[in-house]
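Asker: Sequence and predicted structure below; questions after.
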Amino acid sequence: MDSVNRKVLVADDDKRILDIYKGIFMVDDSDQDGSSDNSPDLLSVDSILNMDSEMVWDVTMVEQGDLAVAAIAEAKEAGESYACALLDVRMPPGIDGIETARKIREIDPNIFIAMVTAYTDRLPEEVAKQLGGNFTMVRKPFYGKDLLNLVDNYSKVWSQQHSYVNMFL
């Protein structure tokens, strides 16, 4: 495969969680102070140093669902679709992640979506009825490497599907 679409959208109302995502997708050498305790908790920047250094992500981070929907629409209109979106299920005071995902799917039915939540009140089967395929439930706290692998796989599959379709256009 010639190129992989590494456009990722992240929506979470918690700025601390957005900082975790920044550590996962955008390693910044200035943030590495060597103080990692290597605990199996939410990912610290130090714990991803062994990941493939050639992975460069184009990540958009927003704090509300309506901003996520707007970002998807803008990218789709520009012909630069996101391969996947990581959406917090609860994002007060605006629309929740499920409604956000539903609206995103109306704009771009091919996007892969991971619903990220610390709560267990939404069963994956319930979410599947609302969203259809191409989604995964991810529980917080998550391991950064696991999340990175999920997004990497989503990106590769998205790219493979679109390169196959484009061969026949």
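Answerer: Thanks, I have the structure now. Quantities reported herein were computed from a predicted structural model and do not represent experimental measurements.
Asker: Just name the shakiest helix or strand of this structure by mean pLDDT.
Answerer: For the chain, counting by mean pLDDT, DSSP states H and E, helix 124-131 ranks last in confidence among helices and strands (a mean of 82).
Asker: And the next helix or strand past that one?
Answerer: Once the chain leaves helix 124-131, the next helix or strand it forms, by DSSP states H and E, is strand 135-139.
Asker: The nearest residue to Trp57 once chain neighbours are set aside: what's it in contact with?
Answerer: Distances taken as C-beta to C-beta, 6 or more residues apart in numbering place Phe25 nearest to Trp57, at 4.2 Å, with adjacent residues excluded. (C-beta placed from N, C-alpha, C; glycine too.) Contact analysis of Phe25 by C-beta atoms under 8 Å, 6 or more residues apart in numbering lists 8, 10, 57, 59, 148, 151.
Asker: same thing but at 10 Å, please
Answerer: Contact partners of Phe25, counting by C-beta atoms under 10 Å, 6 or more residues apart in numbering, are 6, 8, 10, 48, 55-59, 61, 86, 144, 147-148, 151.
Asker: State the distance from it to Leu86.
Answerer: 10 Å (C-beta to C-beta, to the nearest Å).
Asker: again, but for Val157
Answerer: The value you get for Val157 to Leu86, if C-beta to C-beta is used, is 16 Å.
Asker: need the contact list for the most centrally placed residue in the chain.
Answerer: Closest to where the C-alpha atoms of the chain average out (C-alpha atoms, centre = their mean) is Leu86, at 2.9 Å. Counting by C-beta under 10 Å, 6+ apart, Leu86 makes contact with 8-12, 17, 21, 24-25, 59, 61, 68, 97, 112-116, 136, 138, 142, 147, 150-151, 154.
Asker: got the CA positions of the helix or strand hosting Leu67 in CSV?
Answerer: Element membership for Leu67 (DSSP H and E) is helix 65-77. Output in CSV follows, covering the C-alpha atoms of helix 65-77 (Å, rounded to 0.1, in the frame of the first residue of the first chain):
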residue,chain,number,x,y,z
GLY,A,65,-19.4,16.6,19.7
ASP,A,66,-20.7,19.5,17.5
LEU,A,67,-17.1,20.5,16.8
ALA,A,68,-16.3,16.9,15.9
VAL,A,69,-19.1,16.9,13.4
ALA,A,70,-18.0,20.2,11.9
ALA,A,71,-14.4,18.9,11.5
ILE,A,72,-15.6,15.8,9.7
ALA,A,73,-17.8,17.8,7.4
GLU,A,74,-15.0,20.2,6.6
ALA,A,75,-12.5,17.4,5.9
LYS,A,76,-15.0,15.5,3.7
GLU,A,77,-15.8,18.6,1.7
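Asker: Alright, that wraps it up for me.
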